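1. pasting the sequence and the predicted coordinates here, then a few questions.
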Amino acid sequence: MKRAQLTLRVQSRRTTAARTLALAAFAAAALAPVASRAATVTIATLNNPDMIELKKLSPAFEKANPDIQLKWVILEENVLRQRATTDITTNSGQFDVMAIGTYEAPQWGKRGWLIPMTNLPADYDLEDVVKTARDGLSYNGQLYALPFYVESSMTYYRKDLFQAAGLKMPDQPTYDQIKQFADKLTDKSKGQYGICLRGKAGWGENMAFVSTVVNTFGGRWFDENWKAQLDTPEWHKAVSFYSDLLKSDGPPGASSNGFNENLTLMSSGKCAMWIDATVAAGMLYNKAQSQVADKIGFAAAPVAVTPKGSHWLWSWSLAIPKTSKSQDAAKKFVTWATSKQYIEMVGKDEGWASVPPGTRKSTYARPEYKQAAPFGDFVLKAIESADPNDSSLKKVPYSGIQFVGIPEFQSFGTVVGQSIAGVVAGQSNVDAALKAGNAAADRAVKQAGYQK
């Protein structure tokens, strides 16, 4: 009898323990953190200050949306472009949000690779977004990405160095004047360089700037019959001017410097002038980021033979690939990151000079922005006056200022960029670089069927 009672007690305890475990498991499942069931949004973006700030502030989005987890893949600009292009063309689906630009958005939208940006929340206020920005990210009137920031290009210079040398920067400098100023302000013994320019190879790095130089020198990538025009007097003059200027008045290792490297050089006081993206203005005027914040002046991008195509148009924007498995969550993030509310957050965190520029008319109307960003109206005018459909002295069959708006451009544009970086580095000469570049461009458009 005692043995039977003992057996019953053991069985009863086992049953109770099992029930307890089952209840605990049920409770754990019911009370599990929402995060464990959250939609993951993987974001591929570039390593510039504005995007780093976005990542920094993104916990506010996750707190407001506990059912969404953000995963960041932050890459150097050239690498981002390669990874994003590979992912979308192979339907890999690695990314839910991609930072892309005015080059990719219309082309990828046309091919059905991106989710159209429709049915946005009423408080997003799409009409507040600058029309130039919307148009640049659309195909056939359909918007395929939302602009995070929009830029043109401009000239930055050190007011103190100009004053000490008795020089005056005009509102609209010419490249001849830029060369004269650079020669006078270069003092390599002090580590002071007259000019900093993009030299790093890449269709969106050195070729973004070089293309504007070519445009204003009267050149073009292709004639109306899609015959490459790199081996022409206009290209020779433009590239010779650019490479000679960097060799004589630029910093050492200029062929390795892109936007980020030159931003560091300029903000640390190494450059007397820098011609680059208008988005850098907010960073150069931010005393927390720039040692020369109170010494920076600005002017229009320089011109030579014609003002056409002398300043570019670009938007780093956020797009959602069709292959995303978290499209709704991704769209919620993209609308937040490009909203008025996000701009307000940056203003409070970094200062109003550093908010993402060029996207919203309401930003330029704010008294806080007007006070903190003396360059604001100038930048907006540069963005609105940049015309991708009229960017060269002679007629062309393509759209784009600092790029050719066809899929093949990123391939041959990078090849040309490598050749020109080789000239800056002293490894090649202008004639050889442009002959090779002309052949690469011609070959690409012939294979693609553009030449009849």
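-> Done, it's in. As the structure is a prediction and not an experimental result, all values here were calculated from the model. Numbers count the residues shown, from 1 in each chain.
2. for the helix or strand containing residue 135, packing partners?
-> If you go by DSSP states H and E, residue 135 is part of helix 131-136. Secondary-structure packing of helix 131-136 (3 or more CB pairs under 8 Å, 6 or more residues apart in numbering; DSSP states H and E): strand 146-151, helix 376-385. Just so you know, the C-beta spots here come from the backbone N, C-alpha and C atoms, and that holds for glycine as well.
3. what lies in contact with the helix or strand following that helix?
-> For helix 131-136, the following helix or strand on the C-terminal side (DSSP H and E) is strand 138-139. With contacts defined as CB atoms under 8 Å, 6 or more residues apart in numbering, strand 138-139 is touched by 105-107, 109-110, 144.
4. and which of those residues is nearest residue 305?
-> Closest approach to residue 305 among these (CB to CB): residue 106, at 29.0 Å.
5. walk me through the domains of the protein.
-> 34-151+314-373, 153-312+385-448 (automatic domain parsing).
6. just put those in JSON lines and tack on distance to residue 379, mean neighbour count and mean pLDDT.
-> JSON lines is the format used below for the domains of the chain (distance: least, CB to CB, whole Å; neighbours: other CB atoms under 10 Å; pLDDT from 0 to 100):
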{"stretch": "domain 34-151+314-373", "distance to residue 379": "6", "mean neighbour count": "19", "mean pLDDT": "95"}
{"stretch": "domain 153-312+385-448", "distance to residue 379": "4", "mean neighbour count": "20", "mean pLDDT": "97"}
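7. can you give me the helices for the stretch 301-450 of the chain?
-> All helices of the stretch 301-450 of the chain, identified by DSSP state H, counting those that start in this stretch, fall at 327-337, 340-350, 361-365, 367-372, 376-385, 409-424, 430-448.
8. between those helices, which one is nearest to residue 225?
-> Ranking these by their distance to residue 225 (criterion: CB to CB) puts helix 430-448 first, at 9.9 Å.
9. the residue sitting nearest the centre point of the chain pairs with what?
-> The centroid of the chain falls nearest to residue 316 when counting by CA atoms, centre = their mean (4.2 Å). Judged by DSSP bridges, the bridge partners of residue 316 are residue 149.
10. contacts only, for it.
-> 46, 48, 50-51, 99-101, 147-149, 151.
11. got it, and residue 42?
-> 71-73, 94-97.
12. now do residue 377
-> Taking CB under 8 Å, 6+ apart, one finds residue 364 in contact with residue 377.
13. all helices of the stretch 101-250 of the chain, in order?
-> Using DSSP H, counting those that start in this stretch, helices in the stretch 101-250 of the chain cover 104-110, 131-136, 159-164, 175-185, 206-216, 233-249.
14. now do the fifth one and helix 233-249, the angle between them.
-> Angle of helix 206-216 versus helix 233-249, following axes from the mean of the first three to the mean of the last three CA atoms, to 10 degrees, is 120 degrees.
15. what is helix 206-216 packed up against?
-> In terms of contacts (3+ CB pairs under 8 Å, 6+ apart), helix 206-216 is packed against helix 233-249, helix 409-424.
16. what's the longest one packed up against?
-> Taking 3+ CB pairs under 8 Å, 6+ apart as contact, the helices and strands that helix 233-249 lies on are helix 175-185, helix 206-216, helix 409-424, helix 430-448.
17. which other residues reach the first one?
-> Yep, that's helix 175-185 we're talking about. 155, 157-158, 161-162, 165, 167, 169-170, 173, 192, 194-195, 213, 216-217, 241, 245, 248-249, 272-273, 275, 302-304.
18. would you confirm that residue 282 contacts residue 353?
-> Yes - between residue 282 and residue 353 there is a contact under CB atoms under 8 Å: 4.8 Å.
19. residues that sit against both of the two, list them.
-> When CB under 8 Å, 6+ apart defines a contact, the residues bordering residue 282 and residue 353 alike are residue 373.
20. rewinding a little: which of the helices and strands packed on helix 233-249 sits closest to residue 55?
-> Here helix 206-216 is closest among these (CB to CB), at 24.0 Å.
21. what angle separates that closest one from helix 175-185?
-> For helix 206-216 against helix 175-185, the angle by the same axes, to 10 degrees is 130 degrees.
22. keeping just the C-alphas, turn helix 206-216 into CSV.
-> Taking Å, rounded to 0.1, in the frame of the first residue of the first chain, the C-alpha atoms of helix 206-216 are listed here in CSV:
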residue,chain,number,x,y,z
ASN,A,206,35.3,61.9,-59.8
MET,A,207,33.1,61.7,-62.9
ALA,A,208,30.2,63.6,-61.1
PHE,A,209,32.6,66.6,-60.9
VAL,A,210,34.5,66.0,-64.1
SER,A,211,31.3,65.8,-66.1
THR,A,212,30.3,69.3,-65.0
VAL,A,213,33.7,70.6,-66.0
VAL,A,214,33.3,69.0,-69.4
ASN,A,215,29.8,70.4,-69.8
THR,A,216,30.8,74.0,-69.0
